[in-house]
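*Asks:* got a predicted structure here, sequence first:
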Amino acid sequence: MNALLYWLARGFVAVIQSLPLLWVARLGRAGGALAFRLDARHRRVVVNNLTMVFGAEKSAAEIYEIARENFRRIGENYLCAIKTSAMTEAELKPHIEAAGADRLPKQTGDAKLENVVFAIGHFGNFELYARLNHLCPGYQCATTYRALKQPALNRLMQDLRGTSGCLYFERRTDGEKLRAAMNQGGIILGLLADQSSKGLRAPFLGHDCNTGLAPAILALRYEAKLFTAICYRVALARWRVELGEEISTHENGRPRATADIMREVNRHLEVAVRRDPANWFWVHRRWKD
């Protein structure tokens, strides 16, 4: 069964990767619009989340339209992620740009290049974070992931990601490998910071939710600079990754509390959500107990 699942998924991926990116984006948006009509359960989650956050400032009709566009964006982003994973840097260059890379530490002399932690989220085509190597010269991109329960789908996912040049570390089994990479320096470690994860109850968009501490903990552990990085959709099949202002991990020469650091991360992510609400992954139950 796993083998059949793998080859069916592989065939679907091959078809998507054979199409021009703009076709893939339009196909994804059409699929997202269809899912909005048919998937009542997730449509309800999105509308409820949007109403909880924006109910006092937007009408029900406006919220419904944001929800509809959110489904279209999710379809576009998922299919485009499959396509862009097989594109070369030259092919991808007209579709992605970066802003704020000048904030990254520069190498001085023979000193080891500092590590950097990006607190990232489910914004836009978030798989493009793995393609920032050519936009951040001198750095090696890396991230952590949790293996899927289906071995066949997990193998396919890693096959797709393997072409990016990004280093992937399984959260439960690759701790030593991650430590070795960080000790070498020059790593940009992207860590999702917008999922419900045990560690801290902190406000996000006006409501408390579980917030993981990993970006703050690893930035402190490896003396890394900490930034948020947001992938914005700027047009059909075009994205812009923006690096935010540095988030301080120390105060008066002493490490800041990880809870304070992550509260500040949440505030940065809030700005990104409010800037383009349809660009975030509202399907996720972010505020569950």
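*Replies:* It's in.
*Asks:* which regions of the stretch 51-200 of the chain lie under the pLDDT threshold?
*Replies:* Confidence mapping of the stretch 51-200 of the chain against pLDDT under 70 gives the ranges 109, 152-153.
*Asks:* helices of that one, residue ranges please.
*Replies:* 60-84, 89-92, 151-161, 175-184 (DSSP state H, counting those that start in this stretch).
*Asks:* mind putting those helices into CSV with mean neighbour count and distance to residue 263?
*Replies:* Quick note: C-beta positions are derived from backbone N, CA and C, even for glycine. Shown next, in CSV, are the helices of the stretch 51-200 of the chain (neighbours: other Cβ atoms under 10 Å; distance: least, Cβ to Cβ, whole Å):
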stretch, mean neighbour count, distance to residue 263
helix 60-84, 20, 26
helix 89-92, 12, 35
helix 151-161, 16, 31
helix 175-184, 14, 24
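*Asks:* list the contacts of residue 99.
*Replies:* 240-243 (Cβ atoms under 8 Å, 6 or more residues apart in numbering).
*Asks:* also residue 24?
*Replies:* 16, 79-80, 82-83, 237.
*Asks:* what of residue 118?
*Replies:* Neighbouring residues of residue 118 by Cβ under 8 Å, 6+ apart: 129, 188-191, 227-229, 243.
*Asks:* check residue 88 too.
*Replies:* Residues near residue 88 by Cβ under 8 Å, 6+ apart: none.
*Asks:* quick check: phi and psi on it?
*Replies:* phi -70, psi 170 (degrees, to the nearest 10).
*Asks:* check the gap between it and residue 165 for me.
*Replies:* Distance of residue 88 to residue 165, given as Cβ to Cβ, to the nearest Å: 11 Å.
*Asks:* what's the answer for residue 58, then?
*Replies:* Separation of residue 58 from residue 165 (Cβ to Cβ): 41 Å.
*Asks:* over to residue 95?
*Replies:* According to Cβ to Cβ, residue 95 stands 17 Å off from residue 165.
*Asks:* what does residue 243 give?
*Replies:* According to Cβ to Cβ, residue 243 stands 19 Å off from residue 165.
*Asks:* got it, and residue 124?
*Replies:* Counting by Cβ to Cβ - residue 124 and residue 165 are separated by 20 Å.
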